[in-house]
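# Starting from these lines, generate the structure:
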Amino acid sequence: MTDVLRLDDQLCFALHAASRAMTGAYQPLLEELGITYPQYLVLMALWEEDGARVSRIGERLYLDSATLTPLLKRLESRGLVERRRSRVDERVVEIFLTPEGKRIEQRALELFPQLVCKTRLSLGEMVRLREALRKLTRALHEATGQE
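As a prediction, this is how the structure comes out:
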C-alpha cells in the first residue's frame, strides 16, 4: 500500500474524525437543552435569521429538504419553532422561533464556554482553523459546482 492512501494521512479522515469529536463534545451540553446537534444548528441559523425560509436554512446548513424537514418537524413538536406559509407566496414555508426557542439561545450561550475549554485551542487557533475550513469548503464547492 502506498503512503498516500494511509487512512491517518487523509485530510478527509482527519475532518471526519474532528467532526465526530466535536459533535460528541457538544452532545452532553445539548442534552441539557433537550436538543440534538443537528437541531442546534437549525436553531443557530434561526437565532441569526428568525423567519427564514426553509430553503434558506438548507442553504446555510448544507442540508437538503429530505434531511431538513424531519428536523424542523421535531423542533416544532418540541415547541421550539413554528412553520408558517408565507403571506406573499403560500408555496414558501418560513420558520419562526417560539418564545421557548428564543429562551434556549440564552441557555446555549451559557454552555458555550464549556465547549471552548474542551477544544484546548486558543481563540486565535480557533479563528485560524475556522477560516481554513471555510476556505476549504469554498474551494471544494467551486471545484464540484456546488453553491
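# C-alpha only now, for contacts and for neighbours.
Fine.
# Would you map the strands across this protein?
Secondary structure of the chain (DSSP state E): strands located at 52-53, 81-85, 93-97.
# Could you give the number of residues near Arg84?
By the criterion of other C-alpha atoms under 10 Å, Arg84 has 14 neighbours.
# Tell me the spacing between it and Leu75.
Using C-alpha to C-alpha, to the nearest Å, Arg84 is found at 14 Å from Leu75.
# Mean pLDDT and distance to Leu133 for the strands of the chain - can I get that in TSV?
As requested, the strands of the chain are exported to TSV (pLDDT from 0 to 100; distance: least, C-alpha to C-alpha, whole Å):
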stretch	mean pLDDT	distance to Leu133
strand 52-53	96	25
strand 81-85	95	30
strand 93-97	96	28
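# if I read this right, Leu61 contacts Leu41, doesn't it?
Yes - here Leu61 reaches Leu41: they are 7.3 Å apart, a contact under C-alpha atoms under 8 Å.
# Can you find the helix or strand of the chain with the lowest average pLDDT?
helix 99-119 (a mean of 93; mean pLDDT, DSSP states H and E).
# re earlier: mean neighbour count, the strands of the chain: which tops it?
Each of the strands of the chain was assessed for mean neighbour count using mean count of other C-alpha atoms under 10 Å. The highest is strand 93-97, with a mean of 21.
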